[in-house]
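J.: The sequence isn't on hand, but the structure is:
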């Protein structure tokens, strides 16, 4: 049986560059949901529409690399 080829999924490197202090509870919750614990921390996530929506909400706090 031939092997199935899996498409390589695009990953995004996201770095928290600004504190969420002084922003709404929704922004703080989004930062935590992305997996951030401290400033200048970098996390990697697979690109998806859900992730893009979260990044759109907090784009002033994070730096995104494809």
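T.: Ah, there it is. Remember, predicted model here, so these are calculated numbers, not experimental data.
J.: Could I get the buried residue list for stretch 16-32?
T.: Using 16 or more other CB atoms under 10 Å as the test for burial, stretch 16-32 gives 16, 20, 28, 30, 31. (C-beta placed from N, C-alpha, C; glycine too.)
J.: which among the residues you listed gets closest to residue 57?
T.: Using CB to CB, residue 30 comes nearest to residue 57 of those, at 5.4 Å.
J.: Report all helices and strands that the helix or strand encompassing that closest one contacts.
T.: Following DSSP states H and E, one finds residue 30 within helix 25-33. For helix 25-33, the packing partners by 3 or more CB pairs under 8 Å, 6 or more residues apart in numbering; DSSP states H and E come out as helix 49-57.
J.: pLDDT on the helix it packs on, on average?
T.: Confidence over helix 49-57 (mean pLDDT, whole number) is 97.
J.: before we move on, the earlier item: taking the mean pLDDT, what do you get for the helix holding residue 30?
T.: On average, helix 25-33 scores 97.
J.: what about residue 43, neighbour count?
T.: 14 (other CB atoms under 10 Å).
J.: distance of the nearest residue to it once chain neighbours are set aside from residue 56?
T.: Nearest residue to residue 43 in three dimensions, chain neighbours excluded: residue 35, at 4.6 Å (CB to CB, 6 or more residues apart in numbering). According to CB to CB, to the nearest Å, residue 35 and residue 56 sit 17 Å apart.
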